[in-house]
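> Quick one, structure for this:
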Amino acid sequence: MIIKYAYFALSAGAFASIVTVVYSLAYENATAIEGEQLESLRGALPMVNLIMAPFLGCIVATAGYVLARKYLSKIGPFLFYFVFSAVSILTSFGIFTVYDLHEEIMYTVYGYAMPMHFFPFLSWVTFKALFFPEQK
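This is a model prediction of the structure:
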């Protein structure tokens, strides 16, 4: 069973990472972020962070879910979903602490980075239905 959870976490993390990278490239293209602006953005939010953060988020979430189900069988899943969604919401406000960006993208970065905080949660929930359809 632990192997199935490992595949689940890695699959959800990979999907969230792919969506994050595709979204970032589409956003950069749509808003014409290039040159100095792109260098400034990559300095504040490196591509490796956009790839690794969803992986780590899904792995930690899976471990939290397993522990919540094991030790709090009745209320554990609800608490897990509540905490996971709350963490996604709260961390999205962390983008307001990013400074030293090129002045022309100072405010467009919010639309760039805030949605990315929800990709691990959405991916995790989607893949959970695939790997564990019997669980609520």
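
> dump the residue contacts of Phe131.
4, 7-8, 11 (CB atoms under 8 Å, 6 or more residues apart in numbering). Every residue, glycine included, has its C-beta placed from N, CA and C.

> And for Gly111?
Applying CB under 8 Å, 6+ apart, the residues near Gly111 are Tyr27.

> Filter the contacts of Phe131 down to the buried ones.
8, 11 (16 or more other CB atoms under 10 Å).

> pLDDT below threshold where in the protein?
136 (pLDDT under 70).

> Sort out which residues of the longest helix seen in it are buried, please.
If you go by DSSP state H, the chain has its longest helix at helix 2-30. Residues 5, 8-9, 11-17, 19-20, 23-24, 27-28 are the ones in helix 2-30 that count as buried (16+ other CB under 10 Å).

> sorry, back to before: could you dump the contacts of Phe131 into a markdown table and include distance to Asp100?
As requested, the contacts of Phe131 are exported to a markdown table (distance: CB to CB, whole Å):
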| residue | distance to Asp100 |
| --- | --- |
| Lys4 | 43 |
| Tyr7 | 40 |
| Phe8 | 38 |
| Ser11 | 36 |
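
> Out of the contacts of Phe131, which is nearest to Thr62?
Phe8 (6.3 Å; CB to CB).

> Tell me which residues touch that closest one, please.
Phe8 touches 62, 127-128, 131-132, counting by CB under 8 Å, 6+ apart.

> need the residues you listed in JSON lines with distance to Tyr99 and secondary structure, can you?
Putting these into JSON lines (distance: CB to CB, whole Å; DSSP: H, G, I helix; E, B strand; the rest coil) gives the following:
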{"residue": "Thr62", "distance to Tyr99": "33", "secondary structure": "helix"}
{"residue": "Phe127", "distance to Tyr99": "35", "secondary structure": "helix"}
{"residue": "Lys128", "distance to Tyr99": "36", "secondary structure": "helix"}
{"residue": "Phe131", "distance to Tyr99": "40", "secondary structure": "helix"}
{"residue": "Phe132", "distance to Tyr99": "41", "secondary structure": "coil"}
